[in-house]
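Peer 1: fold the following for me, if possible:
(one chain, ligands or ions: 1)
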Amino acid sequence: MESLSNDQAWMREALAQARAAAEAGEVPVGAVVVRDGIIVGRGGNAPVGSLDPTAHAEINALRDAARQLGNYRLDDCTLYVTLEPCAMCSGAALHARVARVVYGAAEPKTGAAGSVLDLFAEPRLNHHTQIVRGVLADECSALLAQFFQQRRRQNQAAAKAAHPLRDDALRTPDARFAELPGYPWAPRYASDWPSLQGLRLHYLDEGPVDAPLTWLCLHGAPVWSYWFRHQLPVFLAAGHRVVAPDLIGFGKSDKPKKAGFHSLETHRQILLDLLQQCDLQRCVLVVQGAAAPLGLSLAQAEPARFIGGLLLGTGPARKPAAEEARVYDAPFPDAGHRAALRAGAVTGGSAQEAAWLGAARDFWHADGPGQAGPGRALALADAQALASGRRGCVPPAALPAWGQFVPEPRADVALQAVEYFSPS
Ligand SMILES: [Zn+2]
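Peer 2: Here you go, the predicted structure:
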């Protein structure tokens with residue numbers, strides 16, 4: 001009869017097999033077969049890697065021992081295994097006629113050495129195999145618990161990375177965005193910010209995080225981050241950072257089926273989360289005309305993050321060229337995807353928008369030391385909305401599928417802006 005300390009020593013060898021199994025991505029169970037103080041067989045759990053449902057640690061160790069000893073009967077051997085054997089492995093141990101089976105942790109769901117059933121206590125099956133239970137049980141079960149905890153975490157991370165689609169939302173197929181001219185930037189996604197309520201937001205985030213300037217580009221309707229494609233290379237070439245989200249309901253972001261989702265306040269909360277989550281600093285707010293109230297309200301909420309604003313393209317609307325039409329139609333394969341356009345999201349005209357715009361005008365015109373306002377606003381192209389209270393604006397010409405379409409501003413606008421806002 002082997003002593004308890006010997007049993008523990010051999011169980012540590014079985015634990016080493018279990019750890020090796022874990023490293024191979026298998027549930028960590030390990031076994032060794034010992035005869036006359038020598039290990040004659042080793043095995044780790046390997047059903048996944050070997051595509052073999054019978055490749056349990058005990059079976060692998062028994063096979064190894066039988067090969068090494070040149071005998072399918074293992075009469076004077078002890079099988080050490082970190083987890084209580086199942087019915088198959090208990091049966092195999094009985095067939096091999098091992099003298100003793102020593103196991104570590106009990107297995108309440110499948111254990112056949114006392115937990116669910118006890119094959120070794122069945123006198124019609126077993127005449128001589130002894131069972132020893134609970135050797136290094138804590139270590140053996142801790143290894144399993146750690147493995148399953150890690151796998152749970154990995155599964156959760158994978159589920160998070162997959163950004164599951166909400167039942168009440170649509171997601172434009174990626175194929176609709178294939179081969180967009182002049183838009184080489186890698187997509188970034190978020191769905192776990194509180195304001196997103198599980199919807200997937202798409203955004204671009206290019207350039208160094210510690211850049212001297214961050215251009216936060218907010219599109220209006222019906223366009224998306226693509227609208228800034230002529231500007232982005234200019235900002236990046238200056239060594240600046242560019243962050244350009246697609247508002248929910250637009251571009252590559254998820255599209256709630258119900259138009260009721262689209263309140264200005266909802267979009268504002270999402271953008272405030274973007275400021276925090278991406279920790280945007282030293283921002284110049286770049287807004288396409290209709291998004292101005294929304295964008296300007298962000299700067300008022302987080303004035304320390306902003307140094308200026310660039311207001312672009314309030315109109316007039318025009319009919320897009322065929323290639324532009326393809327790109328700007330891409331996010332909206334059918335009417336179901338166009339809830340944001342039906343809701344007039346971002347295009348505004350609401351009392352809320354008017355209030356924001358009024359407050360923004362006072363805020364952005366505040367100047368001098370001690371003032372909260374950034375004090376630097378540059379209105380380019382025909383964006384006179386902020387200054388004029390929108391009176392001078394040409395009424396947007398509605399296109400059947402989308403509503404207003406404003407042409408993309410050219411790179412020279414961005415060059416002018418870089419010159420104007422770059423820290424001297
Ligand atoms: Zn088994």
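Peer 1: contacts, neighbours, all on C-alpha from now
Peer 2: Fine.
Peer 1: parallel or antiparallel, which strands does the host helix or strand of V286 pair with?
Peer 2: V286 is part of strand 283-288, with elements assigned from DSSP states H and E. The strands beside strand 283-288 in its sheet (DSSP bridges) come out as strand 214-218 (parallel), strand 306-312 (parallel).
Peer 1: tell me which other helices or strands the helix or strand following it touches.
Peer 2: Counting by DSSP H and E, the next helix or strand C-terminal to strand 283-288 is helix 292-301. On a contact count with 3 or more CA pairs under 8 Å, 6 or more residues apart in numbering; DSSP states H and E, helix 292-301 meets helix 264-277, strand 283-288, strand 306-312, helix 351-365.
Peer 1: looking at the ones you listed, which has the lowest confidence?
Peer 2: Per-stretch averages of pLDDT across the helices and strands packed on helix 292-301 put helix 351-365 at the bottom, with a mean of 60.
Peer 1: center of the protein, which residue is that?
Peer 2: Nearest to the mean C-alpha position of the chain, counting by CA atoms, centre = their mean, stands A161 at 2.6 Å.
Peer 1: what about that residue, distance to W185?
Peer 2: Relative to W185, A161 is positioned 19 Å away (CA to CA, to the nearest Å).
Peer 1: next: P173.
Peer 2: For P173, the distance to W185 - CA to CA - is 18 Å.
Peer 1: re the thing from before, got a list of contacts for the strand holding V286?
Peer 2: With contacts defined as CA atoms under 8 Å, 6 or more residues apart in numbering, strand 283-288 is touched by 213-220, 295-296, 299, 305-314, 421.
Peer 1: then stretch 32-50?
Peer 2: Against stretch 32-50 from outside (CA under 8 Å, 6+ apart): 10-11, 13-14, 17-18, 20-21, 24, 26-31, 52-66, 68-69, 76-81.
Peer 1: ok, of these, which come out buried?
Peer 2: When those are checked for burial by 16 or more other CA atoms under 10 Å, the buried set is 10-11, 13-14, 17-18, 20-21, 26-31, 55-66, 77-81.
Peer 1: of those, which belong to helices?
Peer 2: For those, membership in helices holds for 10-11, 13-14, 17-18, 20-21, 57-66, with DSSP state H as the criterion.
Peer 1: and the stretch 1-150 of the chain, which residues reach the ion?
Peer 2: Within the stretch 1-150 of the chain, the positions near the ion by CA under 5 Å from the ion are C86, C89.
Peer 1: surely L144 and P28 touch.
Peer 2: Yes: counting by CA atoms under 8 Å, P28 is a contact partner of L144 at 6.0 Å.
Peer 1: would you mind giving the secondary structure of the residue of the chain most remote from its centre?
Peer 2: In the chain, the residue that sits farthest from the middle, by CA atoms, centre = their mean, is H127; the gap is 56.4 Å. Three-state call for H127 (DSSP: H, G, I helix; E, B strand; the rest coil): coil.
Peer 1: residues contacting it?
Peer 2: Neighbours of H127 in contact, by CA under 8 Å, 6+ apart: none.
Peer 1: still on that earlier bit, can you put the strands paired with strand 283-288 in JSON lines and add distance to A325 and mean neighbour count?
Peer 2: Putting these into JSON lines (distance: least, CA to CA, whole Å; neighbours: other CA atoms under 10 Å) gives the following:
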{"stretch": "strand 214-218", "distance to A325": "20", "mean neighbour count": "27"}
{"stretch": "strand 306-312", "distance to A325": "20", "mean neighbour count": "24"}
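Peer 1: ok, L285 to L94 distance?
Peer 2: Look at L285 and L94: by CA to CA, they are 75 Å apart.
Peer 1: any idea which helix or strand comes after the helix or strand of the chain with the lowest mean pLDDT?
Peer 2: Here the helix or strand of the chain ranked lowest by mean pLDDT, DSSP states H and E is helix 385-388, holding a mean of 39. Past helix 385-388, further along toward the C-terminus, the next helix or strand under DSSP H and E is helix 411-421.
Peer 1: and the angle from that next one to strand 306-312?
Peer 2: 150 degrees (axes from the mean of the first three to the mean of the last three CA atoms, to 10 degrees).
Peer 1: tell me which residues of helix 411-421 come out buried.
Peer 2: Under 16+ other CA under 10 Å, the buried positions of helix 411-421 are A411, V413, A414, A417, V418, F421.
Peer 1: ok so, going back, which parts of the strand holding V286 are buried?
Peer 2: Here strand 283-288 shows C283, V284, L285, V286, V287, Q288 as buried, counting by 16+ other CA under 10 Å.
Peer 1: cool, stretch 33-47 as well?
Peer 2: Across stretch 33-47, burial judged by 16+ other CA under 10 Å covers V33, V34, R35, I39, V40, G41, R42, G43, G44, N45, A46.
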